[in-house]
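In: this one's structure only:
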């Protein structure tokens, strides 16, 4: 025992001797200006020792003789790792922490109202609280810059681009037809219930390499995925009703979110005095259901299903003919998605989806059915390499089989009774796989960059496209950012142009080159952003006497978007303005002419006043200069057919009158106390909204007398003041 | 061989570095944090935070250490926002760092109810820095975190404390306000009464805070007598609580002196 005890004592002495022979390492931690950094923590991990600086930034720590690696950290400064010699007095200089790459919006054209670092997102609160937005995602987006909306539709016209030039994704899945009452130029409302909205990134150009197959803009919607909520909401207004729920089936493991929405605006039309316009009152319904299984702290599997239907029947005039227009649509999208983290660092997301879209319309003797079956698979990886760099890469594949079968007018200018009819069958199938990679870097000091590109293969006409993209952001101080971005974008031709008999199945993809420069100023009270852009189109589809269609079209869109947002006490609001100059040569245009949906000036003013803790009053004023149209100058009589044919003036040489509208909204928030077996409610709301309260009669279109000598105006949907009242209750 | 192993272990015990994570070390820093809070000494709170942070750097697997960092950040954010010279930018930075620290604690121990509650408290503070429209979604997140924290730590008084503070700050139309807050804070007081913490490093703070916040809720409904009683009780538990001693209790007594008897003394 004694020798053992002695040995232990000896070891203890050695250990104590080790401590006794420790060398005090002293020093001071300062910032780049020489100012002491108080309470910085110093850690010598190998020695399991640490200390904290005092008010003068001074420190002292005992270490064994030799060299040691010291890590110094303090909030607001960059972490410092140095190797030092114990016993040598030190001055350690901490540099200001650069803004981590994840907090810098390098991407251009991402306007938004909320989010801490972004600029990029729209959240549910924005959608619900925007006056005149009817709590619809697309209608609310119209108040943001970059959308040149020429009328009341929900379609997203981005910087002169047609709505089909905007990619709309829901939880990573491209939803080809996201509108209710979709027509040639978009639809009226979204098929995604705003209750389901978690956030949405909206980019009006210069977007990253992750997004492909589209020329102008991106709306990337993420739906809710709460972990443990158990809520039920119901709502109704004069146009319909909605019910939604978030329900944790097994806390932390399994949750369900879903909503159903049904709209029959017959009552609204009756109030509005336009019920007689409709043979069948328009009705629409949509539902969304999502089951989320979290199989690990980082991993989850999600199955979701989106369904939408609508039906409308109305007497409509077109080219001097009036028929019953009947339209029935059904859209189903099913998705299976897995998300997880690899090695604790790299987030990945894989999904497969299947969309089934069917639409059937008839207009007098004409009519067609269109069906689309789209299968999509995505695999995306995001790797935050460090605070200086992030890398994203992945692949997308999409197979879309379209079938269009119908009877169309043989002469697009003759839709009179007895007009010649062309029966057409188009069944294009496109396989469109692509890969992308993109890096976000802090290049130097306050300069951040995004560099990336994608390559896509179009199965028909068997062609590869490559799209390089880059963006640069320079942070000037804490409030200002300057951005420039450039990129190339491709999009497949529309299916209706790929008809093997009356079209060109070998049409190549369309192309747009973006160049964007902007300036942003931000503070806690608000922000201001101005951006200039130029988008040059190549390969637009034009009519061709030999091949029916070719890629000989071209055009451009250029302009300025400005956005000023601020909050002062109970008052908040924003102003967005867009100037757009766009011309195109496409289809039967003889040369570059003003684009049909090119609205020169767009202005939105939105303000909200929190009158009391529970009452908010809001207003939105919208102004758009008139969109171009081709005037009818005269008419010729076709004795054989017995009808008049219009003689058009120069293409898009006239403009509709300017559009303007003022909406106001009063929202009262409240909760219902517990009772009748129900628990106390969550946030409930009652609202009264006045749409177009000034009753401005805006023009949607012109129709003509049979001989085209008199022109009549068709009023837009909301050309009279319309009150809407509704409520939402939530438990 | 066995003896040699024993000897080795004995020797290792002797050479264990004195600065490594120990219960006593944590307890000492906890005291410093509390002292800083009691005396409204931001520097002391920040020093405690840094010491917790340094320990967390040495013991990256210990969930208690980032928890304490988060608690210190919550304290610091409040002091920076409500001090004589409010510094929103620094407060925001501590709020973000605190949420990150609480999240780290939860990664290490997903069933750490207290960390979830602190995260909810910091998220509540963060609503001061964001766009008003974002408050709706942040509010839902706070409710979700607190609901989960209650499920994980049914008897944790600090969960009820944060629930009470959150309820006090919530608008009445969503079930907030002083009266519903009082019910939760009373629950916290009851739970604190039943709590016996033996681990020197474990969370044991908040008993006087529960009375303090109950007093503040009582002040809002103009029940000054109850407020004074709560503040007195807070001082009985922690005589060093400077906020209560120099500000809240005198306010209650002053209000009581001028209030009508119906609202004040019985």
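Out: Looks like it arrived, so ask away. What you see is a predicted model; the values in this text were computed from it and never measured. Residues are numbered from 1 along each chain as shown, chains lettered A, B, ... in the order given.
In: what is the neighbour count of the nearest residue to residue A:599 once chain neighbours are set aside?
Out: Counting by Cβ to Cβ, 6 or more residues apart in numbering or on different chains, residue A:599 lies nearest to residue A:148, which is 4.4 Å off, once chain neighbours are set aside. Where you see a C-beta, it was placed from the backbone N, CA and C, and this is true even at glycine. Residue A:148 sits with 30 neighbouring residues when counted by other Cβ atoms under 10 Å in any protein chain shown.
In: phi, psi for residue A:148 please.
Out: phi -100, psi 80 (degrees, to the nearest 10).
In: test my guess that residue A:140 contacts residue A:147.
Out: No - contact between residue A:140 and residue A:147 fails when scored by Cβ atoms under 8 Å: they sit 10.5 Å apart.
In: so what sits against both of the two?
Out: With contacts defined as Cβ atoms under 8 Å, 6 or more residues apart in numbering or on different chains, no residue is shared by residue A:140 and residue A:147.
In: can you list the weak-confidence ranges in chain B?
Out: Within chain B, the stretches with pLDDT under 70 are B:1-21, B:130-137, B:260-266.
In: who are the contact partners of the residue nearest to residue A:599?
Out: A:157-160, A:578, A:580, A:597-599, A:602, A:624.
In: which residues touch residue A:174?
Out: Residue A:174 touches A:167-168, A:213, A:374, A:376, A:398, counting by Cβ under 8 Å, 6+ apart.
In: now render those as CSV, adding neighbour count, secondary structure and distance to chain B.
Out: CSV is the format used below for the contacts of residue A:174 (neighbours: other Cβ atoms under 10 Å in any protein chain shown; DSSP: H, G, I helix; E, B strand; the rest coil; distance: Cβ to the nearest Cβ, whole Å):
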residue, neighbour count, secondary structure, distance to chain B
A:167, 24, strand, 25
A:168, 25, strand, 22
A:213, 21, coil, 31
A:374, 21, strand, 31
A:376, 22, strand, 28
A:398, 22, strand, 31
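In: adding distance to residue A:526 and pLDDT, write those residues out as a markdown table.
Out: Below are these laid out as a markdown table (distance: Cβ to Cβ, whole Å; pLDDT from 0 to 100):
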| residue | distance to residue A:526 | pLDDT |
| --- | --- | --- |
| A:167 | 30 | 92 |
| A:168 | 29 | 91 |
| A:213 | 36 | 92 |
| A:374 | 41 | 95 |
| A:376 | 39 | 96 |
| A:398 | 40 | 94 |
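In: got TSV for those residues, with distance to residue A:508 too?
Out: Output for these, formatted as TSV (distance: Cβ to Cβ, whole Å):
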residue	distance to residue A:508
A:167	19
A:168	24
A:213	14
A:374	21
A:376	22
A:398	17
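In: okay, and residue A:140 sits in which element?
Out: According to DSSP states H and E, residue A:140 maps onto helix A:137-141.
In: now that helix: how far from the chain's centre is it?
Out: 10 Å (Cα atoms, centre = their mean, to the nearest Å).
In: about what we covered before: please report how far the residue nearest to residue A:599 lies from residue A:659.
Out: Note on residue A:148: its distance to residue A:659, by Cβ to Cβ, to the nearest Å, is 11 Å.
In: between these two, which contacts overlap?
Out: residue A:624.
In: check which residues of the helix or strand containing residue A:352 are buried.
Out: According to DSSP H and E, residue A:352 maps onto strand A:346-363. For strand A:346-363, the neighbour count (16 or more other Cβ atoms under 10 Å in any protein chain shown) marks A:348-353, A:355, A:357-363 as buried.
In: in TSV, list those along with pLDDT and distance to chain B.
Out: Below are the buried residues of strand A:346-363 laid out as TSV (pLDDT from 0 to 100; distance: Cβ to the nearest Cβ, whole Å):
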residue	pLDDT	distance to chain B
A:348	94	18
A:349	95	20
A:350	96	23
A:351	96	24
A:352	97	29
A:353	97	26
A:355	95	28
A:357	95	31
A:358	95	35
A:359	93	35
A:360	93	39
A:361	90	38
A:362	90	43
A:363	89	42
